[in-house]
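[1] Show me the folded form of this:
(2 chains)
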Amino acid sequence: MSSPISPACARPETALSRREVMAAGAAGLALVALPAPARAAAPPALAELVARITEGAVPERGKISFDIPQLVENGNSVDVAIQVESPMTDADHVRWIHVIAEKNPFPDVARFHLSPRSGRADIRATLRLATSQKVVAIAALSGGGYVMADADIVVTLSACIDGG
Amino acid sequence: MAFNARITMPAEAKAGEIVEIRVLVRHPMDRGGQVDSEGRVVPRKILNRLTVTYAGEPVFRYDMHTGVSANPFVSFTTRAVETGDLSFEWREDGGATFTRTARLVVT
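    Model (predicted):
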């Protein structure tokens, strides 16, 4: 029998061994020393993931609504709805909407390309979430700006259990 | 497994009206790395892109990664401008493509 958690979903091991913690504790550094090595192997932080999408620009908040349940029992299929307030004209429209789930094995989840012909920036879709985390929706506007909204979500059954 | 797509949209609309199009596809969206009942590793095989054109003009594109659920659903909108076919094309890992069309009559 294989482990119920498939390797593709496993995160790089960031926890310290008991021995390391004891050694650090003995040196009186346990609280200070813990975060640094844990962060060394950690996946890219959410801010980095967002910056990569927006090419460094800091997205504004507001004008975008991101509707996702706060608690889902099953991460295999999570309904999301995203709306951006935009007239969707040639001069002012949403170019695309990108969704990031920071703790998924592949944090880039989906991208929706829109155009003035969309009429409305209004998207719904079903996603897969590996674990409880913060999920972010970023919209790129035709004027060059970005808007974002995020939501914390608790997943009781991960999408990483085999068979999902 | 046969490719099965369910496209829900109005058959006709007034010019300028915004119509909502809902698309549900049957697909396992294997994200890769899972182990099946015989202990083999399942390779990644997902639909990675859905492109929608309306009377030949692209109106919507959905880039999917492994974080999209099995049997992916998506809903989007488009403005009814002329009578024509909406053509949906899915691209699967490995290069296979699947297409469906739906007609929108504009009055």
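
[2] Spit out the contact partners of residue 69.
    Let's take chain A. A:78-79, A:153 (CB atoms under 8 Å, 6 or more residues apart in numbering or on different chains). All C-beta spots, glycine's among them, are computed from the backbone N, C-alpha and C.

[3] um, chain B though
    A:76-78, A:126-128, A:159, B:29.

[4] Over to it: give its phi and psi.
    phi -70, psi 160 (degrees, to the nearest 10).

[5] Any stretches of chain B with poor pLDDT?
    B:1 (pLDDT under 70).

[6] Repeat the analysis, applying 80 as the threshold.
    Flagging of chain B using pLDDT under 80 yields the residue ranges B:1-2, B:33.

[7] Could you do chain A as well?
    Ranges of chain A meeting pLDDT under 80: A:1-44, A:158-164.

[8] For it, just list every one of the strands.
    A:60-61, A:64-67, A:71-74, A:78-84, A:94-101, A:108-113, A:121-127, A:133-141, A:146-157 (DSSP state E).

[9] Export those to TSV and append columns for mean neighbour count and distance to B:Thr51.
    Shown next, in TSV, are the strands of chain A (neighbours: other CB atoms under 10 Å in any protein chain shown; distance: least, CB to CB, whole Å):
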stretch	mean neighbour count	distance to B:Thr51
strand A:60-61	10	29
strand A:64-67	17	24
strand A:71-74	14	29
strand A:78-84	20	19
strand A:94-101	23	13
strand A:108-113	22	9
strand A:121-127	22	15
strand A:133-141	22	18
strand A:146-157	17	24
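
[10] Could I get these in a markdown table, plus columns for distance to chain B?
    Listed next are the strands of chain A as a markdown table, based on distance: least, CB to the nearest CB, whole Å:
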| stretch | distance to chain B |
| --- | --- |
| strand A:60-61 | 23 |
| strand A:64-67 | 12 |
| strand A:71-74 | 10 |
| strand A:78-84 | 7 |
| strand A:94-101 | 6 |
| strand A:108-113 | 3 |
| strand A:121-127 | 4 |
| strand A:133-141 | 10 |
| strand A:146-157 | 12 |
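
[11] what about the ones you listed, which gets the closest to B:Arg22?
    B:Arg22 lies closest to strand A:121-127 among the strands of chain A, at 7.9 Å (CB to CB).

[12] Packing partners of the closest one?
    Judged by 3 or more CB pairs under 8 Å, 6 or more residues apart in numbering or on different chains; DSSP states H and E, strand A:121-127 is in contact with strand A:78-84, strand A:94-101, strand A:108-113, strand B:73-79.

[13] between the first one and strand A:94-101, how many degrees?
    This points to strand A:78-84. Here strand A:78-84 runs at an angle of 150 degrees relative to strand A:94-101 (axes from the mean of the first three to the mean of the last three CA atoms, to 10 degrees).

[14] count of residues packed around the nearest residue to B:Arg44 once chain neighbours are set aside?
    Among residues not flanking B:Arg44 along the chain, B:Gly32 sits closest, at 3.0 Å (CB to CB, 6 or more residues apart in numbering or on different chains). Using other CB atoms under 10 Å in any protein chain shown, B:Gly32 has 16 other residues around it.

[15] repeat for the one 4 residues further on
    Other residues near B:Asp36 come to 12 when the count uses other CB under 10 Å.

[16] How about A:Ala45?
    For A:Ala45, using other CB under 10 Å, the count is 11.

[17] Please apply the same query to the one 4 residues further on.
    The burial count assigned to A:Leu49 is 19, neighbours taken as other CB under 10 Å.

[18] And the strands of chain A: which comes nearest B:Leu86?
    strand A:108-113 (15.5 Å).

[19] middle-most residue in chain A, spatially?
    A:Ala101 (1.9 Å; CA atoms, centre = their mean).

[20] How about the contacts made by that one?
    A:107, A:109, A:127, A:129-130, A:133, A:135-136, B:67.

[21] Just the closest of the residues you listed to A:Gly62, please.
    So of the contacts of A:Ala101, ranked by how close each gets to A:Gly62 (CB to CB), first place is A:Val136, at 14.1 Å.
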